[in-house]
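In: Could you work out the structure for the sequence below:
(chains A and B)
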Amino acid sequence: MSANNSHIVELRDVKKEFEDKKVLDGVSLTVEPRERLVIMGQSGSGKSTVLRVILGMLQPDAGTVFFKQFEITRLKRRKLQQVRRHIGMVYQYSALLSSRNVRDNVALPLEELTDKSRGEIDKIVDEKLDLVGMKDARDLMPSELSGGMRKRVSLARALVLEPELILFDEPTAGLDPVIASVIDELIINLSEKSKVTSIVVTHEMASAFRIGTRMAMLYQGKVIEDAEPEKFKQSQNPVVRQFLSGSTEGPILEGSQDAIAKK
Amino acid sequence: MPEEKKDTREEALIAAPAIVLQEIGGVWDNFLREVGSMFWFIAHTFDETFERVREGRVPFRASSFFRHAERAGVDSVPLVALVSFFLGLTMALLTGYQLQRFGTERLIPGLVSIAFTRELGPLITGIMLAARIGAAFTAELGTMTVSEEVEAIEAMGIGPLRFLVAPRMLALFFLMPCLSTISNMAAIFASSLISKAYFSIAFPYFLDLVRDALLIRDLITGVLKSFLFGLLIAGIACYRGLTVKGGAAGVGTATTSSVVTAITVVIGVDTLYNIVYVNFFPT
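Out: Now for the predicted structure:
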């Protein structure tokens, strides 16, 4: 079985359970090059799990995952590490190494995985920090940065190895609306300038529609809608409609603890 | 009603041995699982590190090794030296009074030096490092695990075992024998002071007695043991740190567990080592 080479990422019927809870129950998705796919869904709907499965950090219980021609689910550790170098990941809480300053954080992948000299590394680090507008913060420690600044440094770190695919886990969660827009624009600019493909996981509507060139909605472990933003907005699926309107009336809360609390 | 109550109590009593057995089995099962996991953890660290060496690249930065070596080794010198010094004093004093009754107080130098080089030096140092450095390693790696830093490192395609664990393990592996030696020297020095003050053994005579009593094999046994302890303490501490679950409380539990496990393992392995040593290489 080999993947169609035109896709950059392909998930086929991926299933994952955590302690009897079906988080992914047959997710199939394809991502085309240079696309910005936004995956939406409630908290705990398995959005982040999808990203971890693509990175090979989690082994699905069933199904296959391809990154280009590589079948992530069957790669040996060493090959997997090599493939991961082509994928950048921006974590929800940035996951910067707290014992290293901004420069060292961004330089880490270059120092560890390439044979570049210190001068070359410094040049690339400066260039990427400049790209995210963080050049002045070069010598600060992560604890001295605000949430938005950390996100940007994290993005610079994800970019230093010139990845073909960048995964964003809730890039704007917990940021004020202005900074959230800045991050959104950064993501859009990047994919337009550097021609990278992005997968963005979020539940923030405004962000999602700003960034996405395609949207997918995860609900109860399945992709229930997958369309361009305009079509997505007009979806007739009651779950999508409720999610978009943010209404408490509809299928999403049926039988859940939240619905009982509401009554 | 009382009849019924009696019945359930009897049933419970009959079932009790089975439950106890089940519990013991569960504990034993968990124990074996943990031992297996730790063994694989250390084996994987070696594997990842040597794989990197085979690629012709340094597995980790020298600066990273030296940072840990300084923290684990150099910074532990005062503690190790002080505790060993006091132990040396006590040991010389207590054994001295006993030996004096038989007029054999000139055995003190030999007794203290053999006891420390072969046994107490590595053991005391191991216990102190398990508490001081093991806890630090676990807390540090545990916090990194909880804040997704370890996952981020792995997601970049960097092997976390060779990047985070290998320099710590190597630092403790090489520093442990050095610290044991310092511990031995501090204890022997302390016993020389007691010997001089209470039992009128002059320093040159003391040194002669130590030299007569000590065998090369005593020194080698102690050093070999120290290497092993260093590896085990670092391995256990890093394993506990990287397998933390459940936020800040998890880091706390893991740190406690790391210290307890490391101290128990150090004492256990020491006993095993002595049994093997005495049986296979009798004096």
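
In: Is A:S99 in a helix, a strand, or coil?
Out: coil (DSSP: H, G, I helix; E, B strand; the rest coil).

In: What's the separation between it and chain B?
Out: A:S99 sits 8 Å away from chain B, going by C-beta to the nearest C-beta, to the nearest Å. Where you see a C-beta, it was placed from the backbone N, CA and C, and this is true even at glycine.

In: how many neighbours does that residue have?
Out: Counted by other C-beta atoms under 10 Å in any protein chain shown, the residues lying close to A:S99 total 14.

In: Show me the strands in the stretch 1-150 of chain A, by range?
Out: Under the criterion DSSP state E, counting those that start in this stretch, strands of the stretch 1-150 of chain A are mapped to A:9-18, A:21-31, A:36-40, A:62-67, A:70-71, A:87-90.

In: interface residues of the stretch 151-263 of chain A facing chain B?
Out: Residues of the stretch 151-263 of chain A lying close to chain B (C-beta under 8 Å from any C-beta of the partner chain) are A:157, A:161.

In: Tell me the buried residues in stretch A:197-217?
Out: Neighbour counts over stretch A:197-217 (16 or more other C-beta atoms under 10 Å in any protein chain shown) mark A:197-204, A:207-212, A:214-217 as buried.

In: now, which of these lie within strands?
Out: Within the buried residues of stretch A:197-217, residues falling in strands by DSSP state E are A:197-201, A:214-217.

In: Can you lay out these as CSV showing pLDDT?
Out: Shown next, in CSV, are these (pLDDT from 0 to 100):
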residue, pLDDT
A:T197, 92
A:S198, 93
A:I199, 94
A:V200, 94
A:V201, 93
A:R214, 93
A:M215, 92
A:A216, 92
A:M217, 90
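
In: can you put those residues in TSV and add distance to A:R12?
Out: Output for those, formatted as TSV (distance: C-beta to C-beta, whole Å):
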residue	distance to A:R12
A:T197	18
A:S198	21
A:I199	16
A:V200	21
A:V201	19
A:R214	18
A:M215	20
A:A216	15
A:M217	19
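
In: before we move on, back to that, so which of the strands of the stretch 1-150 of chain A is the most packed in?
Out: Scoring those by mean neighbour count under mean count of other C-beta atoms under 10 Å in any protein chain shown gives strand A:87-90 as the most buried, with a mean of 27.

In: Which strands and helices lie in contact with it?
Out: Secondary-structure packing of strand A:87-90 (3 or more C-beta pairs under 8 Å, 6 or more residues apart in numbering or on different chains; DSSP states H and E): helix A:47-55, helix A:147-159, strand A:165-169, helix B:149-155.

In: can you do 10 Å?
Out: Counting contacts by 3 or more C-beta pairs under 10 Å, 6 or more residues apart in numbering or on different chains; DSSP states H and E, strand A:87-90 packs against helix A:47-55, helix A:147-159, strand A:165-169, helix A:177-193, strand A:197-201, helix B:149-155.

In: Specify the angle between the fifth one and strand A:21-31 in degrees.
Out: To tie it back to what came earlier, the one meant is strand A:197-201. Here the directions of strand A:197-201 and strand A:21-31 differ by 150 degrees (axes from the mean of the first three to the mean of the last three C-alpha atoms, to 10 degrees).

In: again with the third one
Out: Counting by the same axes, to 10 degrees, strand A:165-169 lies at 140 degrees to strand A:21-31.

In: Phi first, then psi, for B:L214.
Out: B:L214 adopts backbone torsions of phi -80, psi 140, taken as degrees, to the nearest 10.

In: That one against B:L111, yeah?
Out: No: using C-beta atoms under 10 Å, B:L214 makes no contact with B:L111, being 11.2 Å away.

In: where does B:A249 land in three-state SS?
Out: When classified by three-state DSSP, B:A249 comes out as helix.

In: where does it land on pLDDT?
Out: Looking at B:A249, its pLDDT stands at 93.

In: now do B:K6
Out: 64.

In: same question, A:G44
Out: As predicted, A:G44 sits at a pLDDT of 79.

In: now it: how far from B:T271?
Out: Separation of A:G44 from B:T271 (C-beta to C-beta, to the nearest Å) stands at 49 Å.

In: Please apply the same query to A:A107.
Out: Noted for A:A107: a distance of 47 Å to B:T271, by C-beta to C-beta.

In: got it, and A:L161?
Out: On the measure of C-beta to C-beta, A:L161 and B:T271 end up 50 Å apart.

In: Pick out whichever of these two has more residues nearby.
Out: Neighbours were counted for A:L161 and for B:T271 using other C-beta under 10 Å; A:L161 has more, 19 against 11.

In: hang on, that one is in a strand, isn't it?
Out: No: going by three-state DSSP, the assignment for A:L161 is coil, not a strand.

In: who's in contact with it?
Out: A:84-88, A:109-110, A:113-114, A:124, B:156-157 (C-beta atoms under 10 Å, 6 or more residues apart in numbering or on different chains).

In: ok, and the helix or strand in chain A with the lowest average confidence?
Out: helix A:257-262 (a mean of 56; mean pLDDT, DSSP states H and E).

In: Show me where chain A dips below the pLDDT cut-off.
Out: A:1-5, A:255-263 (pLDDT under 70).

In: Show me what the residue nearest the centre of it bridges to in the sheet.
Out: By C-alpha atoms, centre = their mean, the mean C-alpha position of chain A lies nearest to A:F168, the distance being 2.5 Å. Beta-bridge pairing of A:F168 under DSSP bridges involves A:V90, A:V200.

In: that older thread, mind listing which of the contacts of A:L161 are in helices?
Out: Within these, residues falling in helices by DSSP state H are A:84, A:109-110, A:113, A:124.

In: Need the max-distance pair from those.
Out: Using C-beta to C-beta, the ones in helices among the contacts of A:L161 reach their maximum pairwise distance at A:R84 and A:I124, which is 18.6 Å.

In: The two: which is more packed in?
Out: Neighbours per residue (other C-beta under 10 Å) separate A:R84 from A:I124, with A:R84 holding more: 25 against 21.

In: quick one: low-confidence ranges for chain B?
Out: Under the criterion pLDDT under 70, the flagged ranges of chain B are B:1-6, B:283.

In: which residues of it fall in helices?
Out: So, for chain B - with DSSP H - the helices run B:2-54, B:62-72, B:77-100, B:108-114, B:121-129, B:135-146, B:149-155, B:160, B:166-199, B:203-213, B:216-242, B:247-280.

In: That'll do, ta.
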